[in-house]
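Colleague: Let's see this in three dimensions:
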Amino acid sequence: MTTARHIVAIDQGTTSTRAIVFDDRGRVVSTGQLEHRQHFPKPGWVEHDAEEIWTNTRRAIGAALSDAHITRHDVAAIGITNQRETVFVWDRATGKPIHRAIVWQDTRTQDAVDALAADGGIRRFAERTGLPLATYFSATKIAWILDHVDGARERAERGELAFGTADSWVLWNLTGGAVHATDVTNASRTLLMDLATLDWSDELCSAFRVPRAMLPEIRSSSEVYGHAESRSLLRETPIAGILGDQQAATFGQAAFDAGESKNTYGTGNFLIVNTGTELVHSAHGLITTVAYRLGDEPPRFALEGSVAVAGSLIQWLRDNLGIIRDAAEVEALAESVDDNGDVYVVPAFAGLFAPYWRPDARGAIVGLTRFATKAHLARASLEAVAYQTLDVVRAADAEHGAPIRELRVDGGMVGNELLMQFQADVLGIPVVRPVIAETTALGAAYAAGLAVGIWADTDELRTLWAEDRRWEPAIDEATREHGVARWHRAVERTLDWVE
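Modeller: Here you go, the predicted model:
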C-alpha cells in the first residue's frame with residue numbers, strides 16, 4: 001500500500017480537459033482546466049484536435065499539481081475519465097493522429113447507419129451490444145476515417161494504426177506509447193464489443209468494416225494499466241482507473257447497487273440506472289451499457305438515457321445568438337420573467353437521442369409571439385434541459401415498473417438553482433445535489449484509489465457521499481402535466497425534418 005494520499009483525476013471532456021487533485025476523503029484539493037476548440041467543418045460535423053487535447057492534458061496536470069503544492073511523490077495513482085464515443089485514430093510508430101477526432105455529437109455517418117439499419121432496423125445489433133444503430137457511437141466514425149484518409153484502411157489492417165476513445169488516447173500518451181488499452185465502459189460504447197463476453201466481436205468488426213488489429217485491449221475499470229512515462233510530471237505514477245464520463249459520475253455518486261441512479265448535466269444530459277449484474281435490454285428507448293467492473297469482479301450493468309444537448313444549448317445561446325456573454329448569466333436572465341411565455345425550445349441539433357432515437361429531427365423554437373423576449377428564450381432553454389430529463393426518467397420508470405423516488409444530480413449545470421427547482425417540479429420528486437459536485441472526476445479517482453489501496457471497497461466510498469442541497473417539487477399535478485403536454489407537442493414538430 002502506498003503512503004501517498006492524493007489521486008489525480010484527468011477528466012477529458014467534450015469542451016475542456018481538467019486535472020483534479022483529490023485527497024483521501026474524496027475532497028477537491030486543486031484543479032487545472034483548459035478548453036479546446038470545437039471544429040465544425042460542415043453542418044452536422046464536429047471535430048477536436050487530438051494533439052491540442054493532449055497538450056491541454058499536460059498543462060492541466062501541471063496547473064493542478066502547482067496549485068496543490070504537491071509533486072508526483074504525493075500522488076498514489078492517476079484516474080482517467082472521458083467523453084465517450086469520440087474517435088481518435090493515430091499512427092502507432094509516430095503517435096501522430098491521422099485525422100481530427102470525430103466527436104460523439106457528429107452526424108456525418110448517418111448514411112452508413114441507414115444502410116446498416118436497412119437489414120434488421122436500428123436494433124439490429126442491440127441484443128449483442130445493448131445499443132441502437134446511431135451516429136452517436138464509435139464504429140461508423142472509425143470506418144469513415146479509414147475510408148477518407150488515403151491508405152488508412154490498408155495501414156489499419158496491417159496493424160500500423162491505433163483507434164481509441166479519449167481515454168485510450170490519454171493513456172497512450174501518458175505511458176509514452178507503452179499501453180494501448182481501454183476499459184469495459186468505454187468499449188461498450190463503440191458498437192464493437194459483445195456485452196456477454198466483454199470482448200471485441202469479430203462479427204461486429206466485420207459488419208462495421210473496422211480491422212480488429214487497430215483496437216485497444218479491453219481491461220477492467222479499476223486496475224494498474226501502466227505507469228506515467230519518464231518525461232511526465234507524474235513519472236512512474238500508476239494509472240489505475242478508467243471510466244467513461246457518465247459511468248464515472250455514477251461511481252462518484254456512490255450508485256453502486258441495482259436500482260441506484262444519477263443524472264449528469266454536462267454538454268449533454270445522461271441518466272444512468274444501475275441494474276447490478278443483470279444485463280437488461282430496454283423496451284422503452286434506453287440503452288444498455290456497462291456501469292463498471294472492478295478488477296476481476298463480475299461486471300455491473302446499467303440502463304442509460306442519453307440526451308445529446310444540455311449545457312451545449314446554453315453555449316449556443318452565448319456563442320451563436322449572443323443572448324448572453326457568459327453561461328452563468330442565463331439563470332438571472334431566465335429569472336427576470338415569471339414563466340416561459342409559452343415558448344418551448346427543442347434542441348435537436350443532432351437529432352433526438354433517448355428515448356426517441358430520431359436522427360431526422362432538428363432543433364425548433366415554437367410558440368413565438370411578439371410578447372416573447374430573450375429572457376423567455378433563456379428560460380425555455382433551461383426548461384428544455386429538464387423536460388429532456390423527464391423523458392428519460394419516465395422511460396426508466398416504465399422499464400422497472402417502479403418509479404425513481406429521488407434524482408441525484410451532478411455536472412456543471414447543477415449550480416443553476418432555477419433549473420434544479422424546475423427539474424424537481426417537472427419530475428414531481430426531490431432532486432438532490434451532493435457536497436462534491438465534481439462526481440465525474442471523483443468517480444475516476446475512486447476507481448484508481450481502489451486499485452492501489454487508498455480505499456478498501458465500495459462500502460467505504462459510500463460513507464464519503466454527503467448531501468448538499470435538496471429541491472422539493474413546488475407545483476401541482478395539473479400545472480406539471482400542462483407543461484409536459486406542451487413540451488411533447490413541441491417535440492412532435494421537430495420530427496421528419498431531415499428527409
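Colleague: Okay, buried residues for stretch 446-458 please.
Modeller: 446-452, 454-455 (16 or more other CB atoms under 10 Å). No exception for glycine: its C-beta is placed from N, CA and C like everyone else's.
Colleague: List the contacts of Gln110.
Modeller: 44, 135, 359 (CB atoms under 8 Å, 6 or more residues apart in numbering).
Colleague: Also Val426?
Modeller: Per CB under 8 Å, 6+ apart, neighbours of Val426: 383, 386-387, 390, 480, 483-484.
Colleague: Let me have these in a markdown table, extended by pLDDT and distance to Asp67.
Modeller: A markdown table is the format used below for those (pLDDT from 0 to 100; distance: CB to CB, whole Å):
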| residue | pLDDT | distance to Asp67 |
| --- | --- | --- |
| Glu383 | 96 | 37 |
| Ala386 | 96 | 34 |
| Tyr387 | 97 | 38 |
| Leu390 | 95 | 39 |
| Arg480 | 93 | 44 |
| Gly483 | 94 | 43 |
| Val484 | 95 | 44 |
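Colleague: Out of those, flag the one nearest to Gly13.
Modeller: Checking these against Gly13 by CB to CB gives Ala386 as the nearest, at 21.6 Å.
Colleague: Closest to Arg84 out of the contacts of Gln110?
Modeller: Using CB to CB, Thr135 comes nearest to Arg84 of those, at 13.8 Å.
Colleague: then stretch 181-194 to PDB, C-alphas only?
Modeller: Provided in PDB are the C-alpha atoms of stretch 181-194 (Å, rounded to 0.1, in the frame of the first residue of the first chain):
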ATOM      1  CA  ALA A 181      -6.000  -0.100 -23.700                       C
ATOM      2  CA  THR A 182      -9.500   0.900 -22.800                       C
ATOM      3  CA  ASP A 183     -11.900  -0.100 -20.100                       C
ATOM      4  CA  VAL A 184     -15.200  -2.000 -20.400                       C
ATOM      5  CA  THR A 185     -17.400   1.100 -20.000                       C
ATOM      6  CA  ASN A 186     -15.800   2.900 -23.000                       C
ATOM      7  CA  ALA A 187     -15.600  -0.300 -25.100                       C
ATOM      8  CA  SER A 188     -19.300  -0.800 -24.500                       C
ATOM      9  CA  ARG A 189     -20.000   2.500 -26.400                       C
ATOM     10  CA  THR A 190     -18.300   1.500 -29.700                       C
ATOM     11  CA  LEU A 191     -20.900  -0.900 -31.200                       C
ATOM     12  CA  LEU A 192     -18.000  -3.400 -31.400                       C
ATOM     13  CA  MET A 193     -18.000  -5.100 -28.000                       C
ATOM     14  CA  ASP A 194     -20.100  -8.100 -27.100                       C
END
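Colleague: Which is the succeeding secondary structure element to the biggest helix by length in the chain?
Modeller: Secondary structure assigned by DSSP state H gives helix 374-400 as the longest helix of the chain. Downstream of helix 374-400, the first helix or strand assigned by DSSP states H and E is strand 407-410.
Colleague: Describe which strands that next one pairs with in its sheet and in which direction.
Modeller: Strand 407-410 sits in its sheet next to strand 261-265 (parallel), strand 431-434 (parallel), going by DSSP bridges.
Colleague: nearest to Val113, of those?
Modeller: Using CB to CB, the nearest of those to Val113 is strand 261-265, at 25.3 Å.
Colleague: and that closest one, how far out from the chain's middle?
Modeller: On the basis of CA atoms, centre = their mean, to the nearest Å, strand 261-265 sits 10 Å off its chain's mean C-alpha point.
Colleague: same question, stretch 364-384
Modeller: Using CA atoms, centre = their mean, the offset of stretch 364-384 from its chain centre is 27 Å.
Colleague: where in the stretch 1-150 of the chain is pLDDT low?
Modeller: 1-2 (pLDDT under 70).
Colleague: if you set the cut-off to 50 instead, what comes out?
Modeller: 1 (pLDDT under 50).
Colleague: Okay, strands next: where are they in it?
Modeller: Taking DSSP state E, counting those that start in this stretch as the test, the strands found in the stretch 1-150 of the chain are 6-12, 16-22, 28-35, 47-48, 75-82, 88-91, 101-102.
Colleague: Which among these is found nearest to Glu223?
Modeller: Among those, strand 75-82 comes nearest to Glu223, with 10.6 Å by CB to CB.
Colleague: Describe which strands the closest one pairs with in its sheet and in which direction.
Modeller: Partners of strand 75-82 in its sheet, by DSSP bridges: strand 6-12 (parallel), strand 238-244 (parallel).
Colleague: about what we covered before: so of the contacts of Val426, which two are at opposite extremes in space?
Modeller: It's Glu383 and Arg480 that sit farthest apart of the contacts of Val426, by CB to CB, at 12.0 Å.
Colleague: show me what contacts Ala181?
Modeller: Contacts of Ala181 (CB under 8 Å, 6+ apart): 168, 171, 216-219, 225-226, 242.
Colleague: Apply 10 Å and report the result again.
Modeller: Neighbour list for Ala181: 164, 167-168, 171-172, 175, 187, 216-219, 223, 225-226, 239, 242 [criterion: CB atoms under 10 Å, 6 or more residues apart in numbering].
Colleague: For these, which ChimeraX command selects only the ones that are buried?
Modeller: Per 16+ other CB under 10 Å, the buried members of the contacts of Ala181 correspond to this ChimeraX selection:
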select :164,167,168,171,172,175,187,216,218,219,223,225,226,239,242
